[in-house]
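Asker: Below are the sequence and a predicted model; questions follow.
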Amino acid sequence: MQPAPLLKDLVLVGGGHSHVHVAMSFGMKPMPGVRLTVIGRDIETPYSGMIPGFVAGAYSFDECHIDLARLCAWTGARLIHAEAIGLDRANRQVLLKDRPPISYDLASLDVGSSPSMEAIPGAAEHATPVKPIAEFGRRWLGFLERAKDWQGALRIAVIGGGAGGVELALAMDHRLRAVARNAEVSVTLVTKGEILSGQAAAARQRMRANFARRGVRLLENTAATRIDADAVHLETGECLPVDDVFVVTQASAAAWFGGTGLPLDRRGFFAVEPTLASSGDPLVFAAGDCASVTEHPRPKAGVFAVRHGPPLAANLRRALLGQPPQPFAPQRRYLSILGTGDGNAVATRGAWALEGGWVWRWKDHIDRKWMRMYRDPPATPMDTAARAAPPDPALADAEARRLLADIGMRCGGCGAKVGAGVLDRVLARLGPSPAANVTIGLDALDDAAMIEVPPGQALVQSVDFFRTFIGDPFAFGEIAAVHALGDVWAMGAKPHSALALAVVPAAAERLMEEDLFQMLSGARRILDNAGCALIGGHSGEGPEAALGFSVNGLVVASQALRKGGLKPGDRLVLTKPLGTGVIFAAAMRGMAKARWIESALASMRTPSGDAARALVAAGAHACTDVTGFGLAGHLIEMIRASGNVMVDLHLDALPVLPGAIELFAQGFASSLQPANLRTRHLIDGMDRASGHAKIPLLFDPQTAGGLLASLPAEASLSDHMTHIGTIKSREECVTEIRIVI
């Protein structure tokens, strides 16, 4: 179904509690013509209310984290894994670390907060901050692994007496006593005031009793003055020996908030109206811990971030349509349930407090119910038909209204080209490629590029093109360039120049410009680093984004690597793990975990230039790149080009991307997998190995896959290479490949 033309970009910066609700809201009830983009530094975003339970061992990592990749797949949002470092409000751009900025029509910020590490000398060097929570979760799991074998005293200090510090101190004590069985565990909580200072006296009394009962030392009204590698110094003069320190002090704002020019509160957080719009810019909203509603000050607590979600979603819709947003007032009194780490909890509201195992079970029910909304697939598919409905005219400016007027009769042929103005602006932003032996390139207005082939070298040419399979256009551009250059690297050639063929969906002109710029910027990062000049190309409109390149390389003809050339006795090596096909088949259905997707993307975005040079240096006899036909298909091409040889393929040795085997076991596979399976009759041992978990990897199509090469038996293998098989002389009645287990 043809999607509605894009008219506006709504960009959510951060994957906090408020934004996951916004993403789900726009998925359940799309706004045709609005593209939703989620930018996340952490793509497995934690639910803060369950983190103490995770520390105590009540929840696994997955149970208390929302997988943004799956959520965005279900809701149709773009996910960009990047760290925001500022706003350029004049140009309406979110500034990102190590990549081009992302443009917005309307932006919302939900990037959380961090402990004030600078307030305690030595904390930044010797302590672990509990926020960002996602990073803390990974570090805690690593700490537990070390604690399993700990001998002797294991001394932990927690700095901060708020709800988070109190819960974490008790949770850590419980978990470490269960995990570090050979250690003498001692946990101390240090706070410069009273614990739970904003809550009822009854809650403080009950928690103090828990500390005393459990033997967790509590030091109230005692500030930490310095943290060393092995000690915490207190204002009382006491030096507290420690093996690790965790800081859960008052939240602080990120340094880049001050550079946005937006109004901030006295602590440096974004000052917002009761509508959650910035007090200084109606095109920027903020919610969660990074925002302060100036008319309704409240503590930095997850309960308020969760409550921000519905009014934020409603007001973002109003703002997109040019309607005034509506104010809301957060509740003054709220229920707080604090776990004690051992299966009990204390509930407090107002002046009263209750305690017991039933309180923990109540909290557990509330938290799991909330998480199910964002972790489990929706019971019914999202309304994809609504995304293709005509956009609300209120979304459109004058330029967009012209787009809407002719969207049903967009021209083909040359009429489908991207406009000259868009193309000129994109090329100006990109700048000319650094190039050698390029006579005419992007810096000229001629009809074609011109390159010179140096004497004694041959020109290697190849072409690749495919539609997008991820929401991030910059990452897609990187992958498309790596994929296209694979054929050049496989021949041992040096990349020289490339022509681009880019397709972008019909959209408002500024959005088309941005999509084209992001794709080509990602591609330029790969091409420039490979010494490959982008010298021209063609762009056009299409139903979805697509990108490809015609690439040129240079090599001394007699030294070029070919598919043929396998020799008996050679070792068969592979330079990248397998599994991209099945991972993205599952990702399209919202069923691949974010960390699996990120591992696959990291592999696909890794150029094969270093691996190719290592293969040449090792004396490779033959080489190809593993792409759409899968490992088996490309290996059979090499065998047939080489003559009377076969391959013993060591199935257990095949490198595999995280998650690929699990997804095959769940029944996922690429749409090209059945066609690739037609080569199975050429493989001896398929019946014997039919139950082996890695069998499907042989037929999994790869995007930007690794190089498959044969090396002399005596050659040493570099870190780029995995030995997966041995070349043999062809025996009578033996098929091309023999599986060895």
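Answerer: That came through, no problem. Numbers count the residues shown, from 1 in each chain.

Asker: what's the spacing between the top strand by length along the chain and its chain's center?
Answerer: If you go by DSSP state E, the chain has its longest strand at strand 494-505. With C-alpha atoms, centre = their mean, to the nearest Å as the basis, strand 494-505 stands 25 Å off its chain's centre.

Asker: tell me the angle the next helix or strand after that strand makes with strand 494-505.
Answerer: The first helix or strand that comes after strand 494-505 along the chain, using DSSP states H and E, is helix 509-529. Here the directions of helix 509-529 and strand 494-505 differ by 170 degrees (axes from the mean of the first three to the mean of the last three C-alpha atoms, to 10 degrees).

Asker: Report the contact partners of A653.
Answerer: Taking C-beta atoms under 8 Å, 6 or more residues apart in numbering, we find A653 in contact with T722, H723, I724, G725. Where you see a C-beta, it was placed from the backbone N, CA and C, and this is true even at glycine.

Asker: filter these to the buried ones?
Answerer: Neighbour-count burial (16 or more other C-beta atoms under 10 Å) applied to those gives T722, I724, G725.

Asker: which residues sit against stretch 268-277?
Answerer: Residues contacting stretch 268-277 (C-beta under 8 Å, 6+ apart): 109, 113, 252-253, 257-258, 262-265, 278-280, 284-287, 289-296, 308, 311-312, 315, 319, 325-329.

Asker: Stretch 655-665 too?
Answerer: For stretch 655-665, the external contacting residues (C-beta under 8 Å, 6+ apart) are 574, 576-580, 582-583, 585-586, 591-593, 595-596, 599-600, 603, 693-694, 696-697, 700, 722, 724.

Asker: Emit the ChimeraX select command for whichever of those are buried.
Answerer: In ChimeraX, a selection of the buried entries from those looks like this (16+ other C-beta under 10 Å):
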select :574,576,577,578,579,580,582,583,585,586,592,593,595,596,599,600,603,694,696,697,700,722,724
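
Asker: ok, how many other residues are close to A611?
Answerer: 24 (other C-beta atoms under 10 Å).

Asker: Could you double-check that it lies in contact with L717?
Answerer: No - applying C-beta atoms under 8 Å as the test, A611 and L717 come out as separate, 11.2 Å apart.

Asker: Strands of the stretch 1-150 of the chain, residue ranges please.
Answerer: 8-13, 34-40, 44-46, 65-67, 78-81, 84-88, 93-96, 99-103, 106-109, 114-115, 128-129 (DSSP state E, counting those that start in this stretch).

Asker: Return, as residue ranges, the portions of the stretch 451-600 of the chain with sub-threshold pLDDT.
Answerer: Nowhere does the stretch 451-600 of the chain drop to pLDDT under 70.

Asker: Need the residue closest to the centroid of the chain.
Answerer: The centre of the chain sits closest to H81, judged by C-alpha atoms, centre = their mean, with a distance of 4.0 Å.

Asker: what's the closest non-adjacent residue to it?
Answerer: Spatial nearest neighbour of H81, chain neighbours left out: I43 (5.2 Å); criterion: C-beta to C-beta, 6 or more residues apart in numbering.

Asker: Verify the stated contact: the one you found with A69.
Answerer: Yes - the pair I43 / A69 is scored as a contact, 5.8 Å apart, by C-beta under 8 Å.

Asker: Mutual contacts of the two, please.
Answerer: Contact criterion C-beta under 8 Å, 6+ apart; residues shared by I43 and A69: L79, A594, E598.

Asker: from these, which would you call buried?
Answerer: Among these, those classed as buried by 16+ other C-beta under 10 Å are L79, A594.

Asker: mind putting the shared contacts of I43 and A69 in JSON lines, distance to I737 included?
Answerer: Output for those, formatted as JSON lines (distance: C-beta to C-beta, whole Å):
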{"residue": "L79", "distance to I737": "38"}
{"residue": "A594", "distance to I737": "35"}
{"residue": "E598", "distance to I737": "32"}
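
Asker: for this structure, which spans come out with low pLDDT?
Answerer: Low-confidence segments of the chain (pLDDT under 70): 1-3, 299-302, 379-384, 398-417, 732-733.

Asker: Grab the nearest non-local neighbour of T468.
Answerer: Excluding the flanking residues, the one nearest T468 by C-beta to C-beta, 6+ apart is A545, at 4.3 Å.

Asker: And for A251, nearest residue in space, chain neighbours not counted?
Answerer: Using C-beta to C-beta, 6+ apart and skipping the chain neighbours, the partner closest in space to A251 is S113 (3.6 Å).

Asker: before we move on, back to that, other SSEs contacting the longest strand of the chain?
Answerer: Secondary-structure packing of strand 494-505 (3 or more C-beta pairs under 8 Å, 6 or more residues apart in numbering; DSSP states H and E): strand 458-467, helix 473-490, helix 509-529, strand 533-542, strand 546-555.

Asker: Next, the angle helix 473-490 makes with that strand.
Answerer: 150 degrees.
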